[in-house]
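In: got a sequence here, can you build the structure:
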Amino acid sequence: MLTLTRQLVSLDMVCTELADYSGKLQATNHVVPQAYVNLLKQFCIAIQNLSLIAQDYSQLVFVAEVEKFGLALPIKNKRILSVYLRLIEYVIDFYLASEKIASIRDKLFDDNAEKRLDLLQVRAIKAKAQFKTVVHALGKREYQQFAHHLALPTSEWGWDVLRLESE
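Out: Model prediction:
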């Protein structure tokens, strides 16, 4: 139980740091501050570690421990960890590709830039499309809670902006 509690504390600390960005992020050309992307990466690692430790526990014991801990991020079962992990990986991939696109446009525009831009734009579009597929399966209410806890900018990641049907 001690390692599970440690991982929950770690995840809670990252969520608290992400909460500081809530409502403050305005993505410019799909680029956000590097500090925010670093926090998303830390969140990803925390979810991965929690998922690994969760394998050692039954569903009932895991959920009971999470509820007892009082984590703000809703984790109803062990399977939701893999869904959260996939979502955050898509968000990180999108932001990293967008950052590289902006860098090429601003500074590194050379003979091969057009090819790199095309590849990176496809990568960003693919990440967002895969994200939308998983979000649609997750459902509006659960997604909005997830997006809120990660302080995802609603201008890019809001349910309505993603053009998903209502439940």
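In: residue closest to the middle of this protein?
Out: In the chain, the C-alpha nearest the mean C-alpha coordinate belongs to Ile88, at 2.5 Å (CA atoms, centre = their mean).
In: where does Arg6 land on pLDDT?
Out: Looking at Arg6, its pLDDT is 94.
In: what number of residues lie near it?
Out: Using other CB atoms under 10 Å, Arg6 has 13 neighbouring residues. (C-beta placed from N, C-alpha, C; glycine too.)
In: pull out the buried residues from the host helix or strand of it.
Out: Following DSSP states H and E, one finds Arg6 within helix 2-19. Neighbour-count burial for helix 2-19, counted by 16 or more other CB atoms under 10 Å, picks out 4, 7-8, 10-12, 14-15, 17-18.
In: so, low pLDDT: which residues of the chain?
Out: Applying pLDDT under 70 to the chain flags residues 1-2, 26-29, 108, 165-167.
In: residue ranges for the helices of it, please.
Out: Secondary structure of the chain (DSSP state H): helices at 2-19, 34-54, 59-69, 79-106, 113-138, 140-149, 154-157.
In: once you drop chain neighbours, what's closest to Thr154?
Out: Leaving aside its chain neighbours, Thr154 sits nearest to Val161 (6.8 Å; criterion: CB to CB, 6 or more residues apart in numbering).
In: okay, that neighbour and Leu87: tell me how far apart.
Out: 15 Å (CB to CB, to the nearest Å).
In: can you pick out the residue with more neighbours from the two?
Out: Ranked by neighbour count (other CB under 10 Å), Val161 and Leu87 place Leu87 first, with 23 against 11.
In: separation between the more buried one and Arg6?
Out: 23 Å.
In: now swap in Leu73 and tell me
Out: 16 Å.
In: got it, and Arg79?
Out: From Arg79 over to Arg6 (counting by CB to CB), the distance is 22 Å.
In: using PDB, write out every CA atom in stretch 97-115.
Out: Presented in PDB, the C-alpha positions along stretch 97-115 are these (Å, rounded to 0.1, in the frame of the first residue of the first chain):
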ATOM      1  CA  ALA A  97       4.800  18.800 -33.200                       C
ATOM      2  CA  SER A  98       3.200  22.300 -33.100                       C
ATOM      3  CA  GLU A  99       6.200  23.700 -31.300                       C
ATOM      4  CA  LYS A 100       8.500  22.300 -34.000                       C
ATOM      5  CA  ILE A 101       6.200  23.700 -36.800                       C
ATOM      6  CA  ALA A 102       6.400  27.100 -35.200                       C
ATOM      7  CA  SER A 103      10.100  26.900 -34.900                       C
ATOM      8  CA  ILE A 104      10.600  26.000 -38.500                       C
ATOM      9  CA  ARG A 105       8.300  28.800 -39.700                       C
ATOM     10  CA  ASP A 106      10.000  31.300 -37.500                       C
ATOM     11  CA  LYS A 107      13.700  30.400 -37.600                       C
ATOM     12  CA  LEU A 108      14.700  27.300 -39.600                       C
ATOM     13  CA  PHE A 109      13.000  27.800 -42.900                       C
ATOM     14  CA  ASP A 110      15.400  26.200 -45.500                       C
ATOM     15  CA  ASP A 111      15.300  24.000 -48.500                       C
ATOM     16  CA  ASN A 112      13.900  21.000 -46.600                       C
ATOM     17  CA  ALA A 113      11.500  23.000 -44.400                       C
ATOM     18  CA  GLU A 114       8.500  22.400 -46.600                       C
ATOM     19  CA  LYS A 115       8.900  18.600 -46.300                       C
END
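In: right, I'll leave it there.
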